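# got a structure for you, letters missing:
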């Protein structure tokens, strides 16, 4: 992909990531959050390949997914370049899968786009046997995410009306360039707000990192790199113990590039909790809040099937997991869409970055942008698994007959 095309893709993903994160934060204020904007955008991109040109469906998807171009071939080329690029990392696995009802046939152009651009060869399946179909889909997701993500798709979400399930899975396990010494990890205070605190397992290190002050966000930033990659974790820490909500609100108008451009290399005393988070949500209300509501009602997916049927998206499920420890980070995310018929400069001074109160973080690639976004608040310190009834159980679009 030409450099300007890659920049357009990265900018599009950055805008989408911040909008998606803002919507997720608004519906999960009392939960720790982890999601993969790229995983969700890829599934949206596959869905966009089926939308009728110059239709309200294509217009809503282009605007909601923040595509910089309305040319479907340009959109497909952008995802193809990103998917090919990420194949170079041994620590990162990204895979797409399309399950199609066994008596239904895809249009050649749609099938070719999935196979050639999204690197996903369609596979026939009998959705009439919902239990077996869900087991097959979930086994594939588990195999792609080192068994971290289980039960992405419920048998109850599949039926004889199901026509298509689009899935993206992302798995990442990266070692820190500079690991934390386990002997320096100890129980320390973490302030869940400006008055209350709990004890957490806190990692400690003093090393050279990229660090910066962010006065516009009333926060500071720390960038930690992963070994043998161009992948990084960016931790954004509000200056106030109760400042996370204001920081996240400020991110809506703050690009990733504007943050990373002010970082400089210096010695930093770091405190960072070990943590593990799983987040699950059905994304229909989130997509609707982002202006993409027609796909759940009367979309024009005229480019999807050889025999045109009235279709709709019945669910978009997203599930994500992250674990951060002394060695590095392990993270995974999956998105499923179910379609049915409708009935800096070098410094020598030492800085401090003590993440002993709620913060947010981004795992991103230097060239292609955001992979994962999340926050840590310890609102429920006794539970690492968060189940929300409406926006994030994994990202999976399912198409069903619209009756």
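Perfect, thanks for sending it. As the structure is a computational prediction, the values presented were derived from the model and not from experiment.
# OK, contacts around residue 128?
Each residue near residue 128 by Cβ atoms under 8 Å, 6 or more residues apart in numbering is listed here: 159, 160. (Glycine included, C-beta is placed from N, CA and C.)
# Please report phi then psi for residue 41.
Geometry field for residue 41 lists phi and psi as phi -70, psi -40, criterion degrees, to the nearest 10.
# Please determine how far it is located from residue 372.
Distance, residue 41 to residue 372, by Cβ to Cβ, to the nearest Å: 13 Å.
# Spit out the residues that contact the two alike.
Common neighbours of residue 41 and residue 372 (Cβ under 8 Å, 6+ apart) do not exist.
# Residue 99 - that's part of a helix, no?
No: in this structure, residue 99 is strand, not part of a helix, as judged by DSSP: H, G, I helix; E, B strand; the rest coil.
# show me what contacts it?
Residue 99 sits next to 122, 123, 124, 125, 127, 133, 136, 137, 164, 165, 167 when contact means Cβ under 8 Å, 6+ apart.
# Of those residues, which belong to strands?
Among the contacts of residue 99, the members falling in strands (DSSP state E) are 123, 124, 125, 164, 165, 167.
# Now the fifth one: closest residue in space, sequence neighbours ignored.
Taking Cβ to Cβ, 6 or more residues apart in numbering as the measure, residue 165 lies nearest to residue 99, with 4.4 Å between them; neighbours along the chain are not counted.
# measure the one you found to residue 126 for me?
10 Å.
# Quickly list what's touching both of these two.
Taking Cβ under 8 Å, 6+ apart as the criterion, residue 99 and residue 126 both touch residue 133.
# so what's the residue nearest to residue 165 bridging to?
Listed beta-bridge partners, residue 99: residue 123, residue 165 (assigned using DSSP bridges).
# May I see the buried residues of the top helix by length along the chain?
Ranked by residue count and defined by DSSP state H, the top helix of the chain is helix 3-27. Applying a neighbour-count criterion of 16 or more other Cβ atoms under 10 Å, the buried positions in helix 3-27 are 6, 8-25, 27.
# swap in stretch 237-256?
Neighbour-count burial for stretch 237-256, with 16+ other Cβ under 10 Å as criterion, is recorded at 237, 238, 241, 243, 244, 247, 248, 250, 251, 254, 256.
# where does the last one land on pLDDT?
Translated: residue 256. Taken from the predicted model, the pLDDT recorded for residue 256 is 95.
# One more: the fifth one?
According to the predicted model, the pLDDT of residue 244 comes to 97.
# How much space separates it from residue 9?
Here the distance between residue 244 and residue 9 works out to 29 Å (Cβ to Cβ).
# So, low pLDDT: which residues of the stretch 251-400 of the chain?
Judged against pLDDT under 70, the low-scoring parts of the stretch 251-400 of the chain cover residues 343-349, 380-400.
# All the helices of it, residue numbers only.
256-260, 284-289 (DSSP state H, counting those that start in this stretch).
# Give me whichever of these is most buried.
Scoring the helices of the stretch 251-400 of the chain by mean neighbour count under mean count of other Cβ atoms under 10 Å gives helix 284-289 as the most buried, with a mean of 20.
# And it, what does it pack against?
Counting by 3 or more Cβ pairs under 8 Å, 6 or more residues apart in numbering; DSSP states H and E, the packing neighbours recorded for helix 284-289 are helix 3-27, strand 311-324.
# among the ones you listed, which is nearest residue 141?
Distances from residue 141 to each of these were compared by Cβ to Cβ, and the smallest falls on strand 311-324, at 8.4 Å.
# tell me the angle of that closest one relative to helix 3-27?
Counting by axes from the mean of the first three to the mean of the last three Cα atoms, to 10 degrees, strand 311-324 lies at 90 degrees to helix 3-27.
# What strands flank strand 311-324, and is each parallel or antiparallel?
For strand 311-324, using DSSP bridges, the partner strands are strand 275-282 (antiparallel), strand 328-342 (antiparallel), strand 396-402 (antiparallel).
# Can you add mean neighbour count and distance to residue 32 and give these back as a markdown table?
Putting these into a markdown table (neighbours: other Cβ atoms under 10 Å; distance: least, Cβ to Cβ, whole Å) gives the following:
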| stretch | mean neighbour count | distance to residue 32 |
| --- | --- | --- |
| strand 275-282 | 22 | 5 |
| strand 328-342 | 27 | 13 |
| strand 396-402 | 27 | 22 |
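# With distance to residue 205 added, can I get those strands in TSV?
What follows is those, written out as TSV (distance: least, Cβ to Cβ, whole Å):
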stretch	distance to residue 205
strand 275-282	16
strand 328-342	13
strand 396-402	38
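# right, so of those, which gets closest to residue 172?
Across the strands paired with strand 311-324, closest to residue 172 is strand 328-342 (Cβ to Cβ), at 4.7 Å.
# list the buried ones in the strand ranked longest in the chain?
Secondary structure of the chain per DSSP E: the longest strand is strand 197-214. Buried residues in strand 197-214, defined by neighbour count with 16+ other Cβ under 10 Å: 197, 200, 202, 203, 204, 205, 209, 210, 211, 212, 214.
# Quick check: the fourth one touching residue 180?
Yep, that's residue 203 we're talking about. Yes: with contact defined as Cβ atoms under 8 Å, residue 203 reaches residue 180; the gap is 4.3 Å.
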